[in-house]
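> could you work out the structure for the sequence below:
(chains A and B)
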Number of protein chains: 2
Amino acid sequence: MANYLYHGKLAAKTGQAEKLTDILVEASKLVMKVKGCRLYVVSRTPAEPEAIFVTEIWDSQEDHDNSLKLQDVQGLIKKAFPILDGMPARGQELEIIGGLPA
Amino acid sequence: MANYLYHGKLAAKTGQAEKLTDILVEASKLVMKVKGCRLYVVSRTPAEPEAIFVTEIWDSQEDHDNSLKLQDVQGLIKKAFPILDGMPARGQELEIIGGLPA
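I've put the predicted structure just below:
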């Protein structure tokens, strides 16, 4: 069973939230094909218009960490970086106890 | 496509985290069969030993809200309530933009 859940929030510079959302949706298409990725969801809330949330489920933290080293993913990180409002805070790194299909 | 993501944290009274986890895992088995539920994951982190996280994906917020009214779910809520450390804070209610299979 997948055992690693990451839930994090990225803040875009004012007016850049749509562009950052597009980059993250592009990332989701790429990352969902990577070994060990079970879920990569991009979400937002009207309550925080400059925030974009990413929720990921992986077979292991190692698979997640390895995905960040892939060349295409690095390319998207470079594209996103200039429109982020400061350094992103570390998200929640959680160990899955139950609730996923086997 | 599913459009509603809920990510929330429940705090157990000291020493009650295992029991609360068991109740939530039981809830996951029940709720994942409910109309509109795509995901109901229970997770924890050693960094916060009394906290249990629930991450849910639903076709709509309405489906989520309706699930809380089901008799079996109400039964589990009643079972969990006495071992919660105070009223649970409202979790993050997010609109899914992308990243899920259609």
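> in the sheet, which residues pair with A:His7? Tell me.
Assessed by DSSP bridges, A:His7 has beta-bridge partners A:Thr55, A:Gln92.
> show me the contacts for it.
If you count contacts by C-beta atoms under 8 Å, 6 or more residues apart in numbering or on different chains, A:His7 has them with A:Phe53, A:Val54, A:Thr55, A:Glu56, A:Gly91, A:Gln92, A:Leu94, B:His7, B:Phe53, B:Thr55. Using the backbone N, CA and C atoms, a C-beta is placed for each residue, glycine as well.
> now A:Arg38
Applying C-beta under 8 Å, 6+ apart, we find A:Arg38 in contact with A:Ala2, A:Ile57, A:Trp58, A:Asp59, A:Leu100.
> return the subset of those lying in strands.
Judged by DSSP state E, the contacts of A:Arg38 include A:Ile57, A:Trp58 as members of strands.
> mind listing what's buried along the lengthiest helix in chain A?
Among the segments of chain A that qualify as a helix by DSSP state H, the longest is helix A:17-31. For helix A:17-31, a neighbour-count test (16 or more other C-beta atoms under 10 Å in any protein chain shown) marks A:Ala17, A:Leu20, A:Thr21, A:Ile23, A:Leu24, A:Glu26, A:Ala27, A:Ser28, A:Leu30, A:Val31 as buried.
> nearest spatial neighbour of the spatially most central residue of chain A, skipping sequence neighbours?
For chain A, the residue nearest the mean C-alpha position is A:Val54 (4.0 Å; C-alpha atoms, centre = their mean). Leaving aside its sequence neighbours, A:Val54 sits nearest to A:Gly8 (C-beta to C-beta, 6 or more residues apart in numbering or on different chains; 5.4 Å).
> what's the mean pLDDT across stretch A:14-22?
Averaging the model's pLDDT scores along stretch A:14-22 yields 97.
> and for that stretch, what's in contact with it?
Counting by C-beta under 8 Å, 6+ apart, the neighbours of stretch A:14-22 from elsewhere in the structure are A:10, A:12, A:42, A:44, A:49-52, A:80, A:83-85, B:97-98.
> switch the cut-off to 7 Å
Residues from elsewhere that reach stretch A:14-22, judged by C-beta atoms under 7 Å, 6 or more residues apart in numbering or on different chains: A:Leu10, A:Ala12, A:Val42, A:Arg44, A:Pro49, A:Glu50, A:Ile52, A:Ala80, A:Ile83, B:Ile97.
> same question, stretch A:91-102
Residues outside stretch A:91-102 that contact it (C-beta under 7 Å, 6+ apart): A:1-9, B:21, B:25, B:28, B:32, B:40-45, B:53.
> distance from the chain centre to it, please.
Between the centre of stretch A:91-102 and the centre of its chain there are 15 Å (C-alpha atoms, centre = their mean, to the nearest Å).
> next, the buried residues of it.
Applying a neighbour-count criterion of 16+ other C-beta under 10 Å, one finds A:Gly91, A:Gln92, A:Glu93, A:Leu94, A:Ile96, A:Ile97, A:Gly98, A:Gly99, A:Leu100 buried in stretch A:91-102.
> stretch A:42-62 now?
Neighbour counts over stretch A:42-62 (16+ other C-beta under 10 Å) mark A:Val42, A:Ser43, A:Arg44, A:Ala51, A:Ile52, A:Phe53, A:Val54, A:Thr55, A:Glu56, A:Ile57, A:Trp58 as buried.
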